[in-house]
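# turn this into a model:
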Amino acid sequence: MRKTAIILSLIILFLIAVEATSVNLAKANPAPLFSFPTAPIKTPPKIIVTSPVQNQTYNTTVGLSITIIKPEIWFAIGVGHHSDGSPINQSFVNITSVYYAIDDGEPKNITMHDLTSVWSTTPTLTLNLSTTLPLEVGAHTLKVGLEADSYYVVRYTMNLSDALSSVKLYAEAVPVNFRVATDPEIQLEYSLMIPIAAFAVTIATVSLGSIILFKKRKR
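The predicted structure follows:
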């Protein structure tokens, strides 16, 4: 009887130790690494420059507006749940810098922040950035690009610094050509466009009148 009680006590102590170890593992490794890719993702995001507009003329103040759309392959959605029931989502790529260059000049970084952690309840699917471009009068070419870290698993361990590695990922938008002019130049362009448009309307009206007159005479 005494031996049975000792055995039961040992079993209970063992189960308590196993449960405590499981809790510690859950805290140390809150989400599985199995959804992480085993090779770096090389699919670039889509960079859309909404301002300036291609072949447009501006005054000396030009705003730069960018939208970055991340591809679905960058994420694993709903791989688990936190203790409060909120979903665990994983992001495999972190954008570290976004930059622009004018006329093949030195790139300038745009202030931005992407990921705080590769695990997130609400992952950032798109980034919207804006700044002001200091420009001189004349024709310009704008280039926009980004750098990112693409994470992938190299070994399954609770220490993330040992489990994950990363490589650099680069992407660029389609170059934008535009022109900066002074206010008088812009006004001159519009003043020239108005007579041209009026002339085109006059030609169209005369042509239509000639066709109608020709048809009447045939009758």
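# switch to C-alpha atoms for all contacts and neighbour counts from now on
Fine.
# give me the buried positions along the longest strand seen in the chain.
Ranked by residue count under DSSP state E, the longest strand found in the chain is strand 138-153. Taking 16 or more other C-alpha atoms under 10 Å as the neighbour-count basis, strand 138-153 is seen to contain the buried residues 140-153.
# okay, that strand in CSV with CA atoms only?
Taking Å, rounded to 0.1, in the frame of the first residue of the first chain, the C-alpha atoms of strand 138-153 are listed here in CSV:
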residue,chain,number,x,y,z
GLY,A,138,12.9,71.9,-65.4
ALA,A,139,12.4,68.3,-66.5
HIS,A,140,12.9,65.6,-63.9
THR,A,141,12.9,61.8,-63.5
LEU,A,142,11.8,60.3,-60.2
LYS,A,143,12.8,56.8,-59.1
VAL,A,144,11.3,55.1,-56.0
GLY,A,145,12.6,51.9,-54.4
LEU,A,146,12.7,49.9,-51.2
GLU,A,147,14.8,47.4,-49.2
ALA,A,148,13.4,44.6,-47.1
ASP,A,149,14.5,41.6,-45.0
SER,A,150,13.0,38.3,-46.1
TYR,A,151,12.9,35.8,-43.2
TYR,A,152,13.0,32.0,-43.4
VAL,A,153,13.5,29.2,-41.0
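# next SSE downstream of the lowest-mean-pLDDT helix or strand in the chain?
Counting by mean pLDDT, DSSP states H and E, the chain has its least confident helix or strand at helix 2-28, which shows a mean of 43. Downstream of helix 2-28, the first helix or strand assigned by DSSP states H and E is strand 46-51.
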